[in-house]
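Trainee: okay, predicted coordinates and the sequence, questions at the end:
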Amino acid sequence: MAVGVESGTVPATGTGEVIVLATARTRAEHELVASWAAEHHPGAPVCLEEDALARALEGAGPTTTVVPIRVTWLPPTRIAERGDGAGTPAERPKPSDLIALLGHRAPLRFVQRRLARTSPDRVQVVEGEAASVGDLRERHDDEAREEPLAAYVRRAGVLACERAERAVIGDHYTVPRLVVEQIVASTGVRERLRDLAREHGRTFDDVLADMRARLGDLAAVQSPLAIDAFRTVFSPLHTPAWDVQVDSETVEPLRELNRTAPLVFLPTHRSYADPLVLAEVLRDHDLPRNTVLGGNNMSFWPIGPLGKRAGVVFIRRTSGDDPVYRLALREYIAHLVAKRFNLEWYVEGGRSRTGKLRKPRLGLLNYLAGALDDGRAPDVQLVPTSIVYDRLYELDAMAAEQGGSEKSAEGLGWLARYVRGQTRNNGNARVRFGEPFSLREALAEVGEGPTRLEKVAFAICDGINRATPATPTALVTFALLGTGGRALTLDQIRASTLPLLDHLDRLERPGPRDALTGDGIERTLERLVTGEVVERYDGGEEPVWSIRDGRHRVAAFYRNGAIHHFVNRAIVELALLAASRAPSGTDPLDAAWAEALALRDLLKFEFFFPSKRRFATEIEAESALVDPEWREHVGDADGAARLLERTRFLVAPRALRSFVDAQWVVATKLAALPAGTEVDRTAFGEECLGLGRQMLRQGRVVRPDSVSTELYASALDLADNRGLLGADASAEARTAFRDEIGDVRDRLVELAHVEDRVTEELLA
């Protein structure tokens, strides 16, 4: 809240009635603000305490102007201004810088007079935006009438000076202040607390105290010193590991957009380092620091105490039966957005274990939409954000979790191991921003109904996928995972990745062509060999590479980072094969489209598809990439078959087989249940893991990465969506589900045979 200039404001020129509202902590600062007031508003009262302000306001008329001021101490070097705001990386603060910052934020009392005298450029009296007493009274009555007027005006003055100080120290240090006080003083919040008190048979004061405590736990108490300290202390978690590449063309519109609306960044979540990498990108491109909402599993010392003071909000994984906590979180988010602070959270809720986007979590999005619906916050711009890495140290642990291992708890020992693991350079981290869109407009477009938030979340995920570039490691592992375990030479890998690059170019999707030209493939392979993902064999006539035994889940993680770019192509291939099998008298075009829609439904818990209308447009465009005259060639079943035989580029087996195999394991287990059995998802998932391991040993599923707790969970979501997990599910429906997936598997096997022939020619 500003003391800000709105209707009825009288300019604070010193010619009218003025109250100077000052903040000063030492005798030297008292002298500085008194000198400033005597120069700019001679004779005006200078109020340092709330009691003095209350007396001044009591005798003031509605046109009296309140002018807030404070003393700001500046560092000897402009640490806050490193970087040029146009993408040149800002130099990270050093420990010596932090000592300087510590000294300048609050210089020792006995040196302040000498500093002000000998280094006048080190101190400045900052003037916040002024407002008339009449305007302040009106806003107080509207927003916080239960709070004393003087307390309201004093807090507003502090906030106005904070905003004015940003022009001096930079937007990098834009921080929310006095959050708890502002929220609990709100008339609307107090009314909601009274409702909670009545509902749960508690006193208002008791619920209010709980609210203060919950907000105190949540609110990030930021300071510029803590922000710089956080960057310095935790830079070893990411700076040695990656060279950060940013698509600057996607950054510039955000800076312009942020002038009129708060931004909510919704990044992919693949690494613990994601918020650190993104924070540096925003700083280097002159965007304010985000308030980051993350899980309280990371709130251990030293990350928790320092992170909270640097803009990280540690929230509970579940609020359980604590309605006050839910209200506190909802009001806190609404408050931050209303005050135009940018937010950041991970719509997946946790790090991806498979490399592709997880199912979105809707809790925080629900709170944000509620704030807009209730008029408590302005519109926000959602920013789909992609962060991908050439290689990840933490991937081994995540791959093990996919195979059923327990997740290691975060703590000080974990942090030490993570820092050690990040000392080796792992290539590039690539940051790219998708097309921002208005949350209010998105909600209006999807309309009312129980699925409106899901539709918005899917739009976010679709935007993330479109912004996500295919990395060199993604395309190289895509090629190696499609060989049936056979090793490839360098020329063969190059020949396998070239069609993938060409396809990305034709789709106008971001790809790594430059990184895979020249010796780029060799560098990528060397990085994968160093990470023990790929094995190089030099005992023959020339080197060959293959996926290392036991590392298929890790390789699949990298592949899956780009797999969304090829899903539509895979659907087209399967649809064309279905058209070639269409019964006599069936229009092959109708058969192909029906199959495409069926596959969209089958894979909807694995990938994020646009609306059916847009999906139809994309499938038609994808079909034209296979053959511009595909409609004429698919006019009969034989034509569809010949079209597939002629194509030199098939992706369906490599792109979809692992996911369909995981679905088939779940469907097979479901079909074997006795009639009337209700599925316990936790126990059933464990049984599927055992069955998947058995089938892998038997060769009934062909890829180790299909034996995955995450993929089984998505398959169970699909089965649940079709009503197959309850005791009322019929044996016939479960069997039909298994057979539907089995038919898709059969067609993937058939396409794999066609692809094998292409590979044989490649290996010859």
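Mentor: Thanks, I have it. Numbers count the residues shown, from 1 in each chain.
Trainee: can you count the residues close to the closest residue in space to residue 147 that isn't next to it in sequence?
Mentor: Closest residue in space to residue 147, ignoring its immediate chain neighbours: residue 185 at 4.3 Å, by Cβ to Cβ, 6 or more residues apart in numbering. Using the backbone N, CA and C atoms, a C-beta is placed for each residue, glycine as well. By the measure other Cβ atoms under 10 Å, the count of residues near residue 185 is 21.
Trainee: return the distance of residue 185 relative to residue 149.
Mentor: Residue 185 is 11 Å from residue 149, where distance means Cβ to Cβ, to the nearest Å.
Trainee: try residue 50
Mentor: For residue 50 relative to residue 149 (Cβ to Cβ), the value is 10 Å.
Trainee: counting neighbours, go ahead and name the busier of these two.
Mentor: Ranked by neighbour count (other Cβ under 10 Å), residue 50 and residue 149 place residue 149 first, with 18 against 15.
Trainee: give the contact list for that one.
Mentor: By Cβ atoms under 8 Å, 6 or more residues apart in numbering, residue 149 lies in contact with 54, 57, 136, 137, 140.
Trainee: and the helix or strand where the third one lies, what does it pack onto?
Mentor: Taking DSSP states H and E as the criterion, the element that holds residue 136 is helix 133-143. Helix 133-143 sits against strand 65-73, helix 149-169, with contacts defined as 3 or more Cβ pairs under 8 Å, 6 or more residues apart in numbering; DSSP states H and E.
Trainee: any idea of the angle the last one forms with strand 65-73?
Mentor: What that stands for is helix 149-169. Put simply, helix 149-169 runs at 50 degrees to strand 65-73, going by axes from the mean of the first three to the mean of the last three Cα atoms, to 10 degrees.
Trainee: just after helix 149-169, pick out the following helix or strand.
Mentor: Counting by DSSP H and E, what follows helix 149-169 is helix 179-185.
Trainee: just how off-centre is that next one within its chain?
Mentor: 27 Å (Cα atoms, centre = their mean, to the nearest Å).
Trainee: swap in stretch 664-675?
Mentor: Centroid separation for stretch 664-675 versus its chain: 36 Å, with Cα atoms, centre = their mean.
Trainee: now swap in stretch 204-222 and tell me
Mentor: The answer for stretch 204-222 is 26 Å, by Cα atoms, centre = their mean.
Trainee: same question, stretch 505-514
Mentor: 23 Å.
Trainee: let me see the domain layout of this protein.
Mentor: What automatic domain parsing lists as the domains of the chain is 1-169, 224-458, 472-561, 565-649, 653-763.
Trainee: tell me the gap between the third one and the middle of its chain.
Mentor: Using Cα atoms, centre = their mean, the distance from the centre of domain 472-561 to the centre of the chain it belongs to is 27 Å.
Trainee: repeat that for the second one.
Mentor: In terms of Cα atoms, centre = their mean, the centre of domain 224-458 is found 4 Å from the chain centre.
Trainee: can you get me the start-to-end distance on that domain?
Mentor: 36 Å (Cα to Cα, to the nearest Å).
Trainee: dihedrals phi and psi, residue 201?
Mentor: Reported as degrees, to the nearest 10, the phi and psi values for residue 201 are phi 60, psi 40.
Trainee: swap that for residue 707, please
Mentor: phi -90, psi 90.
Trainee: OK, contacts around it?
Mentor: Taking Cβ under 8 Å, 6+ apart, one finds 402, 403, 662, 665, 689, 692, 693, 696, 701 in contact with residue 707.
Trainee: secondary structure and distance to residue 409 added to these, as CSV?
Mentor: Output for the contacts of residue 707, formatted as CSV (DSSP: H, G, I helix; E, B strand; the rest coil; distance: Cβ to Cβ, whole Å):
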residue, secondary structure, distance to residue 409
402, helix, 18
403, coil, 19
662, helix, 27
665, helix, 29
689, helix, 22
692, helix, 26
693, helix, 26
696, helix, 29
701, coil, 31
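Trainee: by contact count, what packs against the lengthiest helix in the chain?
Mentor: Longest helix of the chain, by residue count under DSSP state H: helix 731-763. Packed against helix 731-763 by the contact rule (3+ Cβ pairs under 8 Å, 6+ apart) you find helix 490-507, helix 567-580, helix 588-602, helix 637-646, helix 652-671.
Trainee: using the three-state scheme, assign residue 477.
Mentor: The three-state assignment at residue 477 reads helix, by DSSP: H, G, I helix; E, B strand; the rest coil.
Trainee: list the buried ones in the helix or strand where residue 370 lies?
Mentor: Secondary structure assignment for residue 370, by DSSP H and E: helix 363-373. Judged by neighbour count (16 or more other Cβ atoms under 10 Å), helix 363-373 contains these buried residues: 363, 364, 365, 367, 368, 369, 371, 372.
Trainee: give the contact list for the second one.
Mentor: If a contact means Cβ under 8 Å, 6+ apart, then residue 364 has 293, 333, 345 as its contacts.
Trainee: now those residues in TSV, with secondary structure, pLDDT and neighbour count?
Mentor: Below are the contacts of residue 364 laid out as TSV (DSSP: H, G, I helix; E, B strand; the rest coil; pLDDT from 0 to 100; neighbours: other Cβ atoms under 10 Å):
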residue	secondary structure	pLDDT	neighbour count
293	strand	94	23
333	helix	94	26
345	coil	96	26
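Trainee: can you tell me which of the residues you listed is nearest residue 526?
Mentor: Residue 526 lies nearest to residue 345 out of the contacts of residue 364, by Cβ to Cβ, at 35.8 Å.
Trainee: didn't the closest one look like it was pressed against residue 292?
Mentor: Yes: contact criterion Cβ atoms under 8 Å: residue 345 and residue 292 qualify, at 7.1 Å.
Trainee: roughly how far apart are residue 365 and residue 372?
Mentor: Taking Cβ to Cβ, one finds residue 365 at 11 Å from residue 372.
Trainee: any low-confidence regions in the chain?
Mentor: Residues of the chain meeting the criterion pLDDT under 70: 1-16, 75-106, 169-177, 222, 635-637, 758-764.
Trainee: if we can go back for a sec, quick one: the helix holding residue 136 to strand 65-73, angle?
Mentor: Using the same axes, to 10 degrees: helix 133-143 against strand 65-73 is 80 degrees.
Trainee: list the buried residues of helix 133-143.
Mentor: For helix 133-143, by 16+ other Cβ under 10 Å, it's 133, 134, 135, 136, 137, 139, 140, 143.
Trainee: for that helix, what is the distance to the chain centroid?
Mentor: In terms of Cα atoms, centre = their mean, the centre of helix 133-143 is found 38 Å from the chain centre.
Trainee: you'd agree residue 244 is in a helix?
Mentor: No: counting by three-state DSSP, one finds residue 244 to be strand, located in no helix.
Trainee: which other helices and strands contact whichever strand or helix holds residue 115?
Mentor: Assigned by DSSP H and E, residue 115 belongs to helix 109-118. Secondary-structure packing of helix 109-118 (3+ Cβ pairs under 8 Å, 6+ apart): helix 27-40, strand 123-127.
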